[in-house]
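[1] Sequence below, structure please.
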Amino acid sequence: QVQLVESGGGLVQAGGSLRLSCAASGLTFSRYAMGWFRQAPGKEREFVAAISWNGGSTSYAYSLKGRFTISRDNAKNTVYLQMNSLKPEDTAVYYCAADHKFPASSASSLTGDYDYWGQGTQVTVSS
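    Below is the predicted model:
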């Protein structure tokens, strides 16, 4: 059974930082591209960042580039999202997702491309 478990969310003041983690089990993690998405109340789920199975390729939502960094540790079956200079508009539930892309070294920004999803972790940024 595949499980993706996010952690690291919480309440932070504007300008602060958080590091989200997503621990994967039940799949061959190193063969999956991983993505982070978020969903704010009343809005659709949107792409945040993605990383290829080997970490060689990353992509970001244009508006977030420079503040957020995605990384992975295949030895720990974990993907991370470092979020800096947080703004109130970053408030959302953040989800990680897995996409079986191997051997292609790419990472999709499309929710429909992802095979598995976590339950999400809440990030709240106060002004």
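
[2] which non-adjacent residue is nearest Leu18?
    Leaving aside its sequence neighbours, Leu18 sits nearest to Met83 (CB to CB, 6 or more residues apart in numbering; 5.0 Å). Heads up, the C-betas are built off the backbone N, CA and C, glycines and all.

[3] now the one you found: how far from Arg67?
    Separation of Met83 from Arg67 (CB to CB, to the nearest Å) stands at 7 Å.

[4] which of those two has more neighbours?
    Ranked by neighbour count (other CB atoms under 10 Å), Met83 and Arg67 place Met83 first, with 26 against 15.

[5] Looks like the more buried one contacts Val123 (just checking).
    Yes - between Met83 and Val123 there is a contact under CB atoms under 8 Å: 7.4 Å.

[6] tell me the contacts of the spatially most central residue of the chain?
    Nearest to the geometric centre of the chain sits Trp36, at 2.2 Å (CA atoms, centre = their mean). By CB atoms under 8 Å, 6 or more residues apart in numbering, Trp36 lies in contact with 20, 22, 48-50, 68, 70, 79, 81, 94-97.
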